[in-house]
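Engineer: only the shape, not the letters, is given here:
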């Protein structure tokens, strides 16, 4: 299937999580912390820590480790301003 | 209403669902994952099909979370959302039941250390889930550290996903602690066989396993480039001049497990020493609510499955089904609990890790609260309770709701009950406001 990662079209596999897709592309971080602006990526890997958040189809705060890719997904890394309350 | 709800499709939840359906009860089995099995029996998700099979009477709600429990006259209303994780378009469903089995499992306990917020530091559960579920190694050169037997399957999963495991650092000295407990060791002989197989594979790959050692810092600019390790004394204080630096691109850490207590707390189940208190039938202090698996004590998949069988049978009986007492499962529970007690004794978390921290080390990752800020709140401002500590420092109020830092902050601040306090939240998992609005 085809999805977009930060605007760039890429192939993804059915059943793949967004975190696995990003990491298989060599990414280790895709979010910056609100306070110190330091990079964050995957940590707990099982949906508990909320560190691996991404924006999917315009919705922020989606856990990349838990979300499985779907055809046409628009996946973007999350800047502090996009963190919804 | 002969319908039972089981939350969690790991070993405990699956066993509970099977036992209840065998007694003729209809079961709704709710689980966040796309496939059955839970964390330990995590299935490869890039192929179709499910390695586990459940009877037709069990309705498996995959990709579903219970976000609230509401007490009703004689039971509970279970609020469920189903769909892609964190998607606003998930569909809601409410199931009423007089018999609820909670088998929500556990997640890794991690300890803070300088650099643990760098990308490239992962929990053992993350490494395992990505390797087993997605076929990906979290790094090319990986150091595995922490305490407990789960470090071994985590390391094995990394090797099988193609990583080079530089070493495994076990902070305890488990062998000496095992010897005084021959009964427990006997109960765990099957587990011992499993561990021996892991150890053999690790030996074939030349992975050195060191005891009384730990990763005490991770170094790197934008991601992990190296870890600093140290030898520890028996209280986990680093021994002087024992530091070594290893060039790695990932550090995988795990210090045992923390039970996922939100729903049990929401159901007002009594919590004892951090776990859900249950009787011999796995009944909690709340009528109609049973608990099985890691939320009643960390003991591994076999104990969880045995407890699940007992809980499912007892819950079916409560719904009026004719059941035979699950004597064999109850016997297995007793013997595995001895093993679990020995495990807990062999792999404690000692307090020396407090000394690994610097003033600037984050203790709460979500709200970016440093050890210095926490210490000042406790010593200078005399903060003495979990709620006031959260207000004063913001520690534990971020997105993870204290799941990651709760136990650590409790230990650092010397405040009992923080871990339990953080599990007390009106909504068990974050849901979107739009979803809440659509619920009624």
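Structural biologist: On my side now, so go ahead. Remember, predicted model here, so these are calculated numbers, not experimental data.
Engineer: and the helices in chain A?
Structural biologist: Taking DSSP state H to define them, one finds helices in chain A at A:18-24.
Engineer: kindly report the residues of it close to chain B.
Structural biologist: A:13-17, A:19-20, A:23-24, A:28-29, A:33-36, A:38-51, A:53, A:56, A:59, A:61-63, A:65-68, A:70 (CB under 8 Å from any CB of the partner chain). Where you see a C-beta, it was placed from the backbone N, CA and C, and this is true even at glycine.
Engineer: against chain A, how distant is residue B:303?
Structural biologist: Plainly put, residue B:303 is 20 Å away from chain A if you go by CB to the nearest CB, to the nearest Å.
Engineer: now residue B:234
Structural biologist: 29 Å.
Engineer: now do that residue, the pLDDT please.
Structural biologist: Residue B:234 is assigned 94 on the pLDDT scale.
Engineer: over to residue B:63?
Structural biologist: At residue B:63, the pLDDT recorded in the model is 97.
Engineer: residue contacts, it?
Structural biologist: B:32, B:33, B:34, B:82, B:83, B:84, B:85 (CB atoms under 8 Å, 6 or more residues apart in numbering or on different chains).
Engineer: show me what residue of chain A gets nearest to chain B.
Structural biologist: residue A:45 (2.5 Å; CB to the nearest CB).
Engineer: flag the shaky bits of the stretch 1-150 of chain B, pLDDT-wise.
Structural biologist: By pLDDT under 70, the low-scoring segments of the stretch 1-150 of chain B are B:1.
Engineer: show me which residues of it are close to chain A?
Structural biologist: For the stretch 1-150 of chain B, the residues in contact with chain A (CB under 8 Å from any CB) are B:32, B:34, B:39, B:45-47, B:84-88, B:107-108, B:110, B:117-123, B:125-130, B:133-136, B:138.
Engineer: filter these down to the ones in strands?
Structural biologist: With strands defined by DSSP state E, the entries of these inside them are B:107, B:108, B:121, B:122, B:123.
Engineer: any quick ChimeraX command for the buried ones out of these?
Structural biologist: Only the buried entries of these go into this ChimeraX selection, using 16 or more other CB atoms under 10 Å in any protein chain shown:
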select /B:107,108,121,122,123
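Engineer: from the ones in strands among the residues of the stretch 1-150 of chain B next to chain A, pick the one nearest residue B:318.
Structural biologist: residue B:107 (29.1 Å; CB to CB).
Engineer: was I right about the closest one contacting residue B:407?
Structural biologist: No - contact criterion CB atoms under 8 Å: residue B:107 and residue B:407 do not qualify, at 11.2 Å.
Engineer: overlap in contacts of these two?
Structural biologist: residue B:258.
Engineer: neighbours of residue B:6, how many?
Structural biologist: 32 (other CB atoms under 10 Å in any protein chain shown).
Engineer: partner residues bridging residue B:230?
Structural biologist: residue B:214 (DSSP bridges).
Engineer: report how many residues lie close to the residue lying closest to residue B:326 once chain neighbours are set aside.
Structural biologist: Counting by CB to CB, 6 or more residues apart in numbering or on different chains, residue B:326 lies nearest to residue B:313, which is 4.5 Å off, once chain neighbours are set aside. By the measure other CB under 10 Å, the count of residues near residue B:313 is 28.
Engineer: show the pLDDT at residue B:413.
Structural biologist: Per the predicted model, pLDDT is 87 at residue B:413.
Engineer: contacts only, for it.
Structural biologist: B:374, B:377, B:378, B:383, B:389.
Engineer: so what secondary structure elements neighbour the helix or strand hosting the first one?
Structural biologist: I take that to be residue B:374. When elements are assigned from DSSP states H and E, residue B:374 belongs to helix B:371-379. On a contact count with 3 or more CB pairs under 8 Å, 6 or more residues apart in numbering or on different chains; DSSP states H and E, helix B:371-379 meets strand B:362-364, helix B:386-393, helix B:406-413.
Engineer: what's the average pLDDT for the first one?
Structural biologist: This means strand B:362-364. For strand B:362-364, the per-residue pLDDT averages 96.
Engineer: next: stretch B:161-180.
Structural biologist: Rounded mean pLDDT across stretch B:161-180 is 83.
Engineer: go on, stretch B:325-336?
Structural biologist: Mean predicted confidence for stretch B:325-336 is 95.
Engineer: phi, psi for the nearest residue to residue B:140 once chain neighbours are set aside please.
Structural biologist: Excluding its sequence neighbours, the residue lying closest to residue B:140 (CB to CB, 6+ apart) is residue B:249, at 5.6 Å. The phi/psi pair for residue B:249 (degrees, to the nearest 10) reads phi -110, psi 0.
Engineer: buried residues in stretch A:18-27?
Structural biologist: A:18, A:19, A:20, A:21, A:22, A:23, A:24, A:27.
Engineer: take those and lay them out in TSV including pLDDT.
Structural biologist: Shown next, in TSV, are these (pLDDT from 0 to 100):
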residue	pLDDT
A:18	98
A:19	98
A:20	98
A:21	98
A:22	97
A:23	97
A:24	96
A:27	95
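Engineer: partners of the most centrally placed residue in chain A in the sheet?
Structural biologist: Relative to the mean C-alpha position of chain A, the nearest C-alpha, by CA atoms, centre = their mean, is the one of residue A:54, at 3.6 Å. Legend: beta-bridge partners of residue A:54 under DSSP bridges are residue A:62, residue A:77.
Engineer: tell me the pLDDT of it.
Structural biologist: Reported pLDDT for residue A:54: 97.
Engineer: surely it touches residue A:40?
Structural biologist: No - at 10.9 Å, residue A:54 and residue A:40 do not qualify as touching, with contact defined as CB under 8 Å.
Engineer: common neighbours of these two, please.
Structural biologist: A:30, A:31.
Engineer: so what's the residue in the stretch 301-440 of chain B positioned nearest to chain A up against?
Structural biologist: Among the residues of the stretch 301-440 of chain B, residue B:399 lies closest to chain A, at 3.6 Å counting by CB to the nearest CB. Neighbour list for residue B:399: A:50, A:53, A:61, B:366, B:430 [criterion: CB under 8 Å, 6+ apart].
Engineer: again, only this time at 10 Å
Structural biologist: A:49, A:50, A:51, A:53, A:61, A:63, A:83, B:365, B:366, B:367, B:430 (CB atoms under 10 Å, 6 or more residues apart in numbering or on different chains).
Engineer: enumerate the residues of the stretch 301-440 of chain B near chain A.
Structural biologist: Proximity of the stretch 301-440 of chain B to chain A is confined to B:360, B:362, B:365-370, B:394, B:398-401, B:403-405, B:429-430, B:432-434 under the rule CB under 10 Å from any CB of the partner chain.
Engineer: of those residues, buried ones?
Structural biologist: B:362, B:365-370, B:394, B:398-401, B:403-405, B:429-430, B:432.
Engineer: list the buried residues in the helix or strand where residue B:158 lies.
Structural biologist: Assigned by DSSP H and E, residue B:158 falls within helix B:151-160. Buried residues in helix B:151-160, counted by 16+ other CB under 10 Å: B:151, B:152, B:153, B:154, B:155, B:156, B:157, B:158, B:159.
Engineer: and for stretch B:73-80?
Structural biologist: Neighbour counts over stretch B:73-80 (16+ other CB under 10 Å) mark B:75, B:76, B:78, B:79, B:80 as buried.
Engineer: make JSON lines from those and add secondary structure to it.
Structural biologist: JSON lines is the format used below for the buried residues of stretch B:73-80 (DSSP: H, G, I helix; E, B strand; the rest coil):
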{"residue": "B:75", "secondary structure": "strand"}
{"residue": "B:76", "secondary structure": "strand"}
{"residue": "B:78", "secondary structure": "strand"}
{"residue": "B:79", "secondary structure": "strand"}
{"residue": "B:80", "secondary structure": "strand"}
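Engineer: identify the farthest-apart pair in those residues.
Structural biologist: So, the buried residues of stretch B:73-80 by CB to CB: farthest apart are B:75 and B:80, at 15.1 Å.
Engineer: returning to what we had before: rebuild the ones in strands among the residues of the stretch 1-150 of chain B next to chain A as TSV, extending it with distance to residue B:263.
Structural biologist: Converted to TSV, these look like this (distance: CB to CB, whole Å):
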residue	distance to residue B:263
B:107	14
B:108	19
B:121	29
B:122	26
B:123	22
